[in-house]
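*Asks:* Please find the sequence and the predicted model below.
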Amino acid sequence: MKDGESVTSYCARTMEISNKMRFHGEKMEDVTIVEKILRSLAPTFDYVVCSIEESKDIDAFSLYELQSSLLVHEQKMNQSSTSEEQALKASTSTHFSNTRGRGRGRGRGRGDRGNRDGSSSRIGKEEKVAMEMAIDDFFNYNNQSLILQLKYSQGEPIKAALAATDLINTQRVQAIVGPRTWEEASLVAEVGSQSNVPVLSLADPTPPWATKRWPFLIQASPSQQAQMKAVAAIVQSWGWRRVILIYEDTDSAAIGVIPHLSDALQEVAAEISHFVAIPPLASSSLSEELEKLKRQQCRVFVVHSSLPLSLPLFETAKKMKMMEKDYVWITTDSTASLVHSIINKATAISSMQGVLGVMSYFPETGPQFQDFHTRFRRKLSAEHPEEDNYEPGIFALQTYDATRAVALAMVETNESGQQLFDKILLTDFNGLSGKIQFTEQKLAPGNMFLIINVIGKSYGELGFWSDGGLGFSESIDEGAIYNASMENLSQVFWPGGPRTSPRGWTLSTISGRLRVGVPNDSYYSRFVKVEYDYSTNNYSVTGFSIDLFRETVKLLPYYLPYDFIPFNNGTYDALVQQIQLKVRDHLLIRFSYSINYYSHE
């Protein structure tokens, strides 16, 4: 390191030499470069070098982490605030930030968002590792560095907004990446738009009006609409007509899931019979809610919740014998895309046997993903050895791609604000999670999903579902055969182990029998005829209308108990009025060539 040379300049010069050596075939691992930099720093850095060697695992210490530690030490040595400000604004040290919890963050202070986010959540761990890898890759291939500032909101939107304000006003960041819940993203977007700082939101649902209200907001994760179509396609495939939606009680579900799922089900002649909102991390009320659902006829459940809520939900359902024959459970991406993280946790995976999952598809072939996969596993295992599985999920890939999009935009412009925002919107590359391209400030929607089935100690991949009128397929290559039904996919393992598909309903334990009113004095006995059987003390109801009603009931996708109730000595209007008076649930009136209209004001 030359006298007076800055950390940024020295690291860039070292990387340039290392890249040339790599180009000529010499093997240069990151750990080798880290060791060379540590040995050749100026004496003024002896203190930080000793600190790093004593407290860090050099084999897992990345170039980005090393440079960040050195930059912090370099800034502390600067005496004037002016010099500090100039260092922050240096074109080769462009700052951008993330406001969600991403784990401990070596050398960046501590923070925790509890069970939902931060270092204790699987998503938080994956995203932190992915962001740091994206910065490392940018540094390695561009000889320029970005400083990643991590802030922790602890799951509270207000804290997220305050953190964003501090990052913008104090740290002078140029972009913010990462809010994954709409509650946080909306407040951070407000702060960012006021200061002309682009905010790339990873929150799944973003309202259509959001980008107009907050002009610097960019939706960096795909819409939920296509995913809900995939769920509806599964429902249609097995002939189910009703589902019960269990969702985490957040604004995100109300905005991005319920409307899309309702519309998608309506298109396949199905509906949501019950909406069950579960408070985040509320395990005490799960048994009460499930007990209510257990009494209903519908046995098809769609679960949209975070993994920390889904796990106790399924464990409680298993204890209540709701993971057995005749039950159907379908999870959305928020849980399905994290099943890989629990396959070595016996209690968790055993509680989900037979569950179907719809997860975002991403290609696992190609040198780019394979390189990322190897390095991600190494880094995650080094930082979080407590994890049972080190595979990256869709959330890690989305975070990596969003971070890369910001970094590439910063390469093309030295400006911030509107100019940087415009450059980000011009992003166009094939990322790890798919095509990264924005239209009207929104990421191009995903149109392909993987259907999984939890079996034994892991899960099986049944096949794919593709949007655009294609449907289900066993593969996605050029010769793929698409079908509207799942029957061409692998065999489904249903809860309780049966191979035959569940009918989706059962006898209700609380619903009463349907009371069907029939006229006792019909003039056309061929349509409706009521006779009293003195031997059984019961009425006998026959006729064409009765036969038609019975055959119609047989076609229903659920059990419907009913009783015929004769209506004596009254007009048809009086018979119809029984519904208004709640005396009859349904009315059966003879067919006639004339029609009498009844209206009740």
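*Replies:* Happy to help now that I have it.

*Asks:* from here on, contacts and neighbour counts on C-alpha atoms
*Replies:* Fine.

*Asks:* what bits of the stretch 251-400 of the chain have low per-residue confidence?
*Replies:* 251-256, 281-284 (pLDDT under 70).

*Asks:* show me where it has helices.
*Replies:* Ranges of helices in the stretch 251-400 of the chain, per DSSP state H, counting those that start in this stretch, are 251-256, 258-267, 286-294, 307-319, 333-336, 346-350, 367-383, 394-412.

*Asks:* Can you give me the buried ones in the fifth one?
*Replies:* I take that to be helix 333-336. The neighbour-count check on helix 333-336 (16 or more other C-alpha atoms under 10 Å) flags 333-336 as buried.

*Asks:* helices or strands up against the strand or helix carrying Glu132?
*Replies:* Glu132 is located in helix 122-142, with elements delineated by DSSP states H and E. Here helix 122-142 touches helix 63-77, strand 145-150, helix 367-383, helix 394-412, going by 3 or more C-alpha pairs under 8 Å, 6 or more residues apart in numbering; DSSP states H and E.

*Asks:* Break this protein down into its domains, please.
*Replies:* Using automatic domain parsing, the domains assigned to the chain come out as 1-80, 81-222+368-443, 225-360+447-488, 514-587.

*Asks:* Need the ones you listed in a markdown table (columns: distance to Ser501).
*Replies:* Shown next, in a markdown table, are the domains of the chain (distance: least, C-alpha to C-alpha, whole Å):
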| stretch | distance to Ser501 |
| --- | --- |
| domain 1-80 | 48 |
| domain 81-222+368-443 | 29 |
| domain 225-360+447-488 | 7 |
| domain 514-587 | 13 |
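
*Asks:* that older thread, tell me how far the helix holding Glu132 lies from the chain's centre.
*Replies:* 20 Å (C-alpha atoms, centre = their mean, to the nearest Å).

*Asks:* got it, and stretch 489-496?
*Replies:* On the basis of C-alpha atoms, centre = their mean, stretch 489-496 sits 23 Å off its chain's mean C-alpha point.

*Asks:* Can you show me the CA trace of that stretch as PDB?
*Replies:* In PDB, the C-alpha atoms belonging to stretch 489-496 read as follows (Å, rounded to 0.1, in the frame of the first residue of the first chain):
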ATOM      1  CA  LEU A 489     -48.000 -34.800 -13.300                       C
ATOM      2  CA  SER A 490     -46.400 -37.100 -10.800                       C
ATOM      3  CA  GLN A 491     -48.600 -38.900  -8.300                       C
ATOM      4  CA  VAL A 492     -49.800 -36.700  -5.400                       C
ATOM      5  CA  PHE A 493     -49.300 -37.900  -1.900                       C
ATOM      6  CA  TRP A 494     -52.300 -36.600   0.000                       C
ATOM      7  CA  PRO A 495     -52.500 -36.100   3.800                       C
ATOM      8  CA  GLY A 496     -53.200 -39.400   5.400                       C
END
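
*Asks:* what's in contact with it?
*Replies:* 323-328, 353-355, 453-455, 462-463, 472-474, 499, 501-502 (C-alpha atoms under 8 Å, 6 or more residues apart in numbering).

*Asks:* Among the residues you listed, which are located in strands?
*Replies:* Those of the contacts of stretch 489-496 mapping onto strands are 328, 453-455, 462-463, 472-473, per DSSP state E.

*Asks:* Check those residues and tell me the two furthest apart.
*Replies:* Farthest-apart pair in the ones in strands among the contacts of stretch 489-496 is Val328 and Ser473; separation 21.3 Å (C-alpha to C-alpha).

*Asks:* any chance you could read off phi and psi for the closest residue to Ile272 other than its chain neighbours?
*Replies:* In space, and not counting its chain neighbours, Ile272 is closest to Val243: 4.9 Å by C-alpha to C-alpha, 6 or more residues apart in numbering. Main-chain torsions, Val243, degrees, to the nearest 10: phi -140, psi 160.

*Asks:* give the contact list for Val243.
*Replies:* Counting by C-alpha under 8 Å, 6+ apart, Val243 has contacts 270-274, 298-302.

*Asks:* one more time with 7 Å, if that's ok
*Replies:* Taking C-alpha atoms under 7 Å, 6 or more residues apart in numbering, we find Val243 in contact with 271-273, 298, 300-302.

*Asks:* Make JSON lines out of those residues and add neighbour count and distance to Thr32.
*Replies:* Shown next, in JSON lines, are the contacts of Val243 (neighbours: other C-alpha atoms under 10 Å; distance: C-alpha to C-alpha, whole Å):
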{"residue": "Glu271", "neighbour count": "21", "distance to Thr32": "59"}
{"residue": "Ile272", "neighbour count": "19", "distance to Thr32": "58"}
{"residue": "Ser273", "neighbour count": "14", "distance to Thr32": "61"}
{"residue": "Cys298", "neighbour count": "28", "distance to Thr32": "61"}
{"residue": "Val300", "neighbour count": "24", "distance to Thr32": "55"}
{"residue": "Phe301", "neighbour count": "21", "distance to Thr32": "53"}
{"residue": "Val302", "neighbour count": "24", "distance to Thr32": "50"}
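
*Asks:* Kindly export the host helix or strand of Glu183 (C-alpha atoms) in PDB.
*Replies:* In this structure, Glu183 sits in helix 182-194 according to DSSP H and E. Extracted C-alpha coordinates of helix 182-194, given in PDB (Å, rounded to 0.1, in the frame of the first residue of the first chain):
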ATOM      1  CA  TRP A 182     -46.000  -3.700   2.400                       C
ATOM      2  CA  GLU A 183     -46.400  -2.100   5.800                       C
ATOM      3  CA  GLU A 184     -42.700  -1.200   5.800                       C
ATOM      4  CA  ALA A 185     -42.400  -0.600   2.100                       C
ATOM      5  CA  SER A 186     -45.200   2.100   2.000                       C
ATOM      6  CA  LEU A 187     -43.600   4.200   4.700                       C
ATOM      7  CA  VAL A 188     -40.100   3.800   3.300                       C
ATOM      8  CA  ALA A 189     -41.400   4.800  -0.100                       C
ATOM      9  CA  GLU A 190     -42.800   7.900   1.300                       C
ATOM     10  CA  VAL A 191     -39.400   8.900   2.800                       C
ATOM     11  CA  GLY A 192     -37.600   8.000  -0.300                       C
ATOM     12  CA  SER A 193     -39.900   9.900  -2.600                       C
ATOM     13  CA  GLN A 194     -39.600  13.000  -0.500                       C
END
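
*Asks:* Make 12 the first number, not 1, from now on.
*Replies:* Fine by me, first position is 12 from now on; the one you just mentioned is helix 193-205.

*Asks:* which outside residues touch it?
*Replies:* Contacts for helix 193-205 (C-alpha under 7 Å, 6+ apart): 168, 171-172, 175-176, 190, 209-210, 212, 214, 216-217, 225-228, 262-263.

*Asks:* now for the following helix or strand past that helix, which elements pack on it?
*Replies:* Using DSSP H and E, the helix or strand that follows helix 193-205 in sequence is strand 210-212. Helices and strands touching strand 210-212, by 3 or more C-alpha pairs under 7 Å, 6 or more residues apart in numbering; DSSP states H and E, are strand 187-188, helix 193-205, strand 228-230.

*Asks:* Quick check: buried residues in the longest one?
*Replies:* If I follow you right, that is helix 193-205. 193-204.
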